[in-house]
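*Asks:* From the sequence below, what's the structure:
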Amino acid sequence: MVIREWRGRAASGRSDAYPKHFSERVLPELQSVAGFRGAELCRREVGDRVEFLVLTRWESMVAVRAFAGPDAERAVVEPGAVAALVDFDQRVRHYVVIAESSARL
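*Replies:* Model (predicted):
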C-alpha cells in the first residue's frame, strides 16, 4: 500500500470551505478511481491559518499514476480547493506502508 501526503492552508475565518469541498467533491471522485483504498483529512491551527493534511491510501504506485498522471508527485488540486485555500503544496510525497496496525475492539 502507498500513502500519498498533501497539505493546504486556509485563513482561519474560511476554514470550513475546504472540508466541505473535500467531502462533496474530492471523496466522490477518489472513490471512483481503481486502486483507491481510503483517505483521511486532518486539520491543525498554525497561527492565523488552518493547515489541512490529506492522506490518501492507494493499492500501488500504478493506481496513484492512474489518478495523478505520469508525474505522480504533482499535486492534483481542483479549482474548488484553490478557491478555499490561501496556499497549498504543489508537490506531494509518497510513502510505502511497511507495517500497519489498528486498535482492538
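
*Asks:* what separates Ala75 from Arg4, distance-wise?
*Replies:* According to Cβ to Cβ, to the nearest Å, Ala75 and Arg4 sit 10 Å apart. The way it works is simple: take the backbone N, C-alpha and C, and place the C-beta from them, glycine included.

*Asks:* do Arg74 as well
*Replies:* From Arg74 over to Arg4 (counting by Cβ to Cβ), the distance is 11 Å.

*Asks:* Neighbour count for those two, which is higher?
*Replies:* Between Arg74 and Arg4, counted using other Cβ atoms under 10 Å, the more crowded position is Arg4 (24 against 12).

*Asks:* Is the more buried one bridged to anything, and to what?
*Replies:* Thr56, His94 (DSSP bridges).

*Asks:* and it, what does it touch?
*Replies:* Under the criterion of Cβ atoms under 8 Å, 6 or more residues apart in numbering, the contact list for Arg4 reads 55-58, 64, 92-94.

*Asks:* what's the closest non-adjacent residue to the residue nearest the centre of the chain?
*Replies:* Closest to where the C-alpha atoms of the chain average out (Cα atoms, centre = their mean) is Val54, at 3.1 Å. Counting by Cβ to Cβ, 6 or more residues apart in numbering, Trp6 is the residue found nearest to Val54 once chain neighbours are left out, at 4.7 Å.
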